[in-house]
Structures are given as structure tokens and as C-alpha cells.
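In: Sequence and predicted structure, then a few things I'm wondering about:
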Amino acid sequence: MPETPSGYAAELLDAGSMRGADPGHRNHWGYFARLNARTDYVLPRGRVLGGSTATNGGYFVRAREDDFAGWSAAGRREWTLERSLPFLRELESDADYGSAAVHGGAGPMPVARPAQGHPVTAAFAAAAQQLGYACEPDKNDWGAPGYGPLPMNVRDGVLWNAGLAYLAPAWNRPNLRILGSTVVERVIFDSGRAVGVAVAPGGAVLEGEHIVLCAGAVATSHTLLLSGVGPAADLARIGIDVAADLPVGVGFSDHPQVSLAWHPKGAAAQLRDGPAMASVLHFTSSGSAVAGDVELLPLLKPVAYLLRGEDVAGPLDVLVSLQANRSRGTVRLESADPGVAPTINFNYLADKEDRAAMREGVRAAATVLCTDAFAAIFAGFVDLPTRPDDAALDRWIADHLGTAQHLSGTAPMGSVVDQFGRVEGLRGLRVADLSILPTVPMRGPAATAVLIGERVADFIARGD
Ligand SMILES: Cc1cc2nc3c(=O)[nH]c(=O)nc-3n(C[C@H](O)[C@H](O)[C@H](O)COP(=O)(O)OP(=O)(O)OC[C@H]3O[C@@H](n4cnc5c(N)ncnc54)[C@H](O)[C@@H]3O)c2cc1C
């Protein structure tokens with residue numbers, strides 16, 4: 001691992017900022033999307049080595065046991081937790097636990113839990129305890145969901161992205177060639193075998209024995225569709241020859257999110273040092289079969305500061321998100337021209353149980369902020385109505401709807417790829433990103449995206 005990370009814009013390495021996530025940042029793709037019938041959104045995605053791990057918040061939490069159980073169903077035994085755990089241990093270097101039964105001490109991704117001394121973090125822990133939530137000291141050890149410190153891929157204040165972790169140490173290998181500013185447009189097939197990719201600018205073809213798409217769940221599905229891998233009827237409508245009739249872009253999942261903004265006062269109002277977040281609470285919504293399906297995550301700095309560096313005395317947010325929501329989205333091709341973006345529809349909160357769980361999450365966040373523990377630092381909500389009924393709260397949520405940006409499952413195992421990431425019905429083509437998950441992990445997916453890279457690399461190396 002290099003001593004001094006270099007080559008990245010300084011703000012991308014600053015774990016106390018999220019400048020890369022700002023739609024105006026140069027290391028960013030912006031995909032237009034529709035969260036529901038009335039809410040449009042621009043999805044930022046990292047346009048740099050390391051992808052969105054270079055522009056994200058640095059939350060690095062493993063998927064839950066239930067996730068692995070679902071992914072490994074129907075004979076996909078490679079994806080049991082038991083078989084994935086050795087890779088989870090090997091990919092990390094956990095500064096708090098070191099090498100242990102469930103942790104690794106020497107892997108490429110540094111993991112550490114931030115100090116818990118920020119007044120918001122301290123108040124959040126005290127409030128959670130006061131309200132009877134369980135304590136979950138290690139979010140990466142599959143205990144009962146509760147509140148606890150947030151594992152982050154941060155070392156010495158540097159957001160350690162996957163490019164730094166994996167590519168920087170391999171930089172000088174003679175068999176590694178990195179082509180920057182080269183956009184893959186489609187996969188080229190010869191008699192059902194992938195033999196290369198056409199790239200922009202210029203449409204040159206890069207040939208390869210193994211083609212592995214890892215452009216993220218949006219761009220990978222877009223590339224597959226442009227290559228004729230997708231629902232045959234949709235491809236025919238656009239005039240693209242079908243290479244494989246597969247349900248690409250059908251039924252993806254993500255985490256709907258709303259921000260509950262509040263005015264800080266006193267010690268919490270002006271602090272700008274340290275990470276953007278430090279702790280998180282998971283609890284189970286009423287009637288949910290999934291433990292820990294709602295997440296409350298307090299930000300420690302104003303969003304205007306995190307995204308744009310504006311040092312304003314702005315409000316803080318608690319991010320409320322559903323980790324196991326039922327709504328499913330679609331990525332659909334609009335044109336055979338790679339320059340025309342696909343249509344992305346999230347269909348968020350279409351399900352009434354999702355709406356109920358989101359209401360419960362917002363009410364729980366408001367209750368936390370109104371405890372004695374926050375009395376010295378909480379000066380009121382920005383715009384949450386006082387004790388709204390369900391209909392009023394649904395309207396407020398619709399007005400504040402966002403996404404956690406965890407889009408997964410556009411080319412899932414079980415229908416588009418097999419458990420080794422190989423695209424069904426074709427040869428020489430794999431997918432190695434969040435596209436292959438049948439469902440989004442029930443926690444932020446960055447740790448799982450790295451796991452997928454590790455797993456697919458191993459499948460290739462051992463010839464599966
Ligand atoms: C603003 C934001 C904050 C987030 N915060 C967190 C967080 O704190 N914790 C967490 O767990 N998750 C977080 N996520 C989600 C997480 O970072 C991503 O889900 C994860 O990085 C996705 O990994 P991936 O490999 O599937 O795709 P990506 O990380 O998006 O990587 C795709 C790569 O492919 C490249 N690419 C795309 N299209 C092409 C093309 N046509 N040709 C060539 N290259 C291409 C991109 O430039 C990029 O380098 C966040 C996401 C965003 C956007």
C-alpha cells in the first residue's frame with residue numbers, strides 16, 4: 001500500500017468532505033432518474049479509478065446474514081456467508097479488531113470506526129440508549145441490529161477508495177494497462193462469444209479473452225442492453241439485434257431515503273473537523289420480517305459544506321432509509337445511440353408497507369432528536385410538521401424523497417448471470433459489480449461491491 005496517496009483530486013481523498021458526490025464535480029457521471037411519478041433526481045456516480053468508492057461517504061458495512069441467505073438460494077452456494085467470509089476477512093485491514101474470527105488485519109481496504117466524541121454522535125448514542133435500542137458495537141459482526149460506531153474505509157482522514165486499495169499497488173505491473181477517458185459502448189460478439197468491446201471516442205475495438213463488465217449497476221446494464229443482451233421485445237423496439245434474451249434492467253432495488261433536517265445549536269453548530277458521519281442506528285419496523293430494516297444515520301456537517309465546501313451555519317440531517325423495501329425499479333433503453341441515457345425508474349414507495357416503514361423511520365428520528373440527550377444541541381426541525389397524521393407525513397416524505405444511491409440488481413444472479421457472474425447463454429462475458437445481486441444488500445453496498453470484485457477475480461483464477 002503506498003504511503004502517500006496521489007493522483008486523485010485532494011477533495012476526493014478528504015474523508016471529511018463528499019465533494020465528489022456533488023453533481024457539479026468533474027469526477028462524476030450524472031444519470032437522470034425518476035424516483036417516483038413526481039420526483040426527478042440526478043444520480044451521481046464516481047467517474048474515476050475506484051468508481052463511486054472514491055466519491056462516496058466512506059460507510060463500509062458488510063451485508064447481513066439474510067442477504068447472503070437470499071443470494072445463495074436456488075443452488076448459488078458460492079454466495080453463502082460461510083463461503084464469503086474468508087474473502088470479507090482478506091479484503092480488509094480492520095484497525096479496531098485486527099485479524100480475528102470474523103475480521104482481517106492485512107487486506108487492501110482499511111476499515112476503522114471513527115471517534116465517538118462529536119456532540120451529535122454522543123447525543124445520538126445517549127438517546128438510543130435512553131429509548132431502549134440495542135447497542136451494536138461492531139456493525140460488521142452480524143449481531144442484533146442496534147446503534148453503534150460506523151465502520152468506514154478511512155485511514156488517517158483519507159477516504160481509501162478501491163482504486164487506491166487495489167490498483168495503486170499494482171501500478172507498475174507489465175501486464176496492467178489502464179486506459180483513462182475511454183468509455184465502453186458495447187460488447188462485440190462472435191457466434192455467441194464475447195471477443196471485445198467497442199470504445200469511445202472513435203469506436204475502436206479492444207479485444208480480450210475474458211470480458212468483465214464492472215461499470216456499476218446503471219452503466220453495466222446500459223452496456224449490456226446496447227450489446228443486444230436484454231429483453232428481446234425492448235431490443236426489437238429499438239432495432240438492436242438480440243444476442244441473448246435476458247431480463248436486464250428489470251426489477252433492480254435500492255434504498256429510498258429522506259433527510260430529516262434540524263437546526264443545531266451550541267457545540268454542534270460549528271464543528272467542521274472529522275468525518276461526515278460516525279455512527280448509525282438500525283431498528284426493525286413494526287411487522288417487518290427483516291431485522292434492522294430501517295436505518296437512521298446522523299450527518300455531522302451541513303450538506304452544503306459536505307458537497308460544496310460552503311462553510312455556512314446550516315442545518316444538519318438525519319438520513320432515514322429503508323434497507324429492505326419492496327419496490328423494484330427498471331433501467332430501459334431509449335436508443336441504440338450509446339450517448340442517449342437509459343430511462344431509470346425507481347418506483348419508490350409504491351408499496352404501502354414501504355410507506356408505513358418510512359413514516360416509522362421519520363417518527364423514530366424525530367423522537368431521537370427530541371430526547372433529553374439532544375436538549376443542549378437541538379434547536380428545532382427545519383420543516384417537519386408538528387405531530388403530522390399519516391397522510392400529512394406521507395406528503396412530507398414525498399416532498400423530501402431521495403435515494404441512498406445504492407442501486408443494485410440490474411443483471412442479477414439467477415436470471416441474467418450465474419453464480420460465477422457469467423452471462424447466461426453467452427461465452428466469455430462476465431459481470432463483476434452490484435448489478436449481479438438479486439437484491440440490494442441491507443446495508444450500504446460498498447463493502448459488498450469490493451467483495452464481488454474479490455469473488456469474481458477468484459472464480460476467474462480458478463477457472464469457474
Ligand atoms: C454519492 C454516493 C455516496 C455513497 N455513499 C456510500 C457509502 O458511504 N457507503 C456505501 O456502502 N455505499 C455508498 N454509495 C454506494 C457505493 O459507493 C456504490 O454502490 C459502489 O461504489 C458501486 O460499486 P460498483 O463497482 O458497482 O460501481 P461504481 O463504483 O459506480 O464503479 C463503476 C466504474 O465504472 C466506470 N464506468 C462507468 N461507465 C463506464 C463506461 N461506459 N466505460 C468505462 N468505464 C465506465 C465508472 O467511471 C466507475 O469507475 C454511495 C454512492 C454514491 C453515488
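Out: Looks like it arrived, so ask away.

In: From now on I want contacts and neighbour counts done on CA atoms only, so please keep to that.
Out: OK.

In: Identify the residue spatially nearest to E209, adjacent ones excluded.
Out: Nearest in space to E209, with sequence neighbours left out and distances taken as C-alpha to C-alpha, 6 or more residues apart in numbering, is V195 at 6.4 Å.

In: wait, R193
Out: Closest residue to R193 apart from its sequence neighbours, by C-alpha to C-alpha, 6+ apart: R427 at 4.5 Å.

In: just checking, that neighbour touches G192?
Out: Yes: with contacts counted by C-alpha atoms under 8 Å, R427 reaches G192, the gap being 6.2 Å.

In: And those two? Which one has more around it.
Out: More neighbours surround R427 than the other of R427 and G192, with 17 against 14 (other C-alpha atoms under 10 Å).

In: and I211, how many residues sit next to it?
Out: Per other C-alpha under 10 Å, the neighbour tally for I211 reads 21.

In: ok now do the residue nearest to S99 when sequence neighbours are not counted, which residues does it touch?
Out: Spatially, and ignoring its direct neighbours in sequence, S99 is nearest to G105 (4.3 Å; C-alpha to C-alpha, 6+ apart). Contact criterion C-alpha atoms under 8 Å, 6 or more residues apart in numbering gives R89, E90, E92, S93, D94, A95, Y97, G98, S99 as the residues in contact with G105.

In: Generate a ChimeraX selection restricted to the buried subset of these.
Out: The ChimeraX command for the buried members of these (criterion: 16 or more other C-alpha atoms under 10 Å) is given here:
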select :89,90,92,93,94,95,98,99
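
In: Can you lay out the contacts of G105 as TSV showing pLDDT, secondary structure and distance to the ligand?
Out: Shown next, in TSV, are the contacts of G105 (pLDDT from 0 to 100; DSSP: H, G, I helix; E, B strand; the rest coil; distance: C-alpha to the nearest ligand atom, whole Å):
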residue	pLDDT	secondary structure	distance to the ligand
R89	98	helix	17
E90	98	helix	18
E92	98	strand	14
S93	98	strand	16
D94	98	strand	16
A95	98	coil	18
Y97	97	coil	20
G98	97	coil	21
S99	96	coil	22
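
In: Closest one of the contacts of G105 to V242?
Out: Using C-alpha to C-alpha, E90 comes nearest to V242 of the contacts of G105, at 39.7 Å.

In: which residues does that closest one contact?
Out: Contacts for E90 were tallied using C-alpha under 8 Å, 6+ apart; they are G104, G105, A106, G107, P108.

In: count of neighbours near the last one?
Out: Think P108. Using other C-alpha under 10 Å, P108 is surrounded by 19 other residues.

In: Then the third one?
Out: Counted by other C-alpha under 10 Å, the residues lying close to A106 total 16.

In: same thing with the fourth one?
Out: The local packing count at G107 equals 20, with neighbours defined by other C-alpha under 10 Å.

In: that's a helix at it, yeah?
Out: No: for G107, which was evaluated using DSSP: H, G, I helix; E, B strand; the rest coil, the result is coil, with no helix membership.

In: do you know how far it is from R64?
Out: The spacing between G107 and R64, counted by C-alpha to C-alpha, to the nearest Å, is 21 Å.
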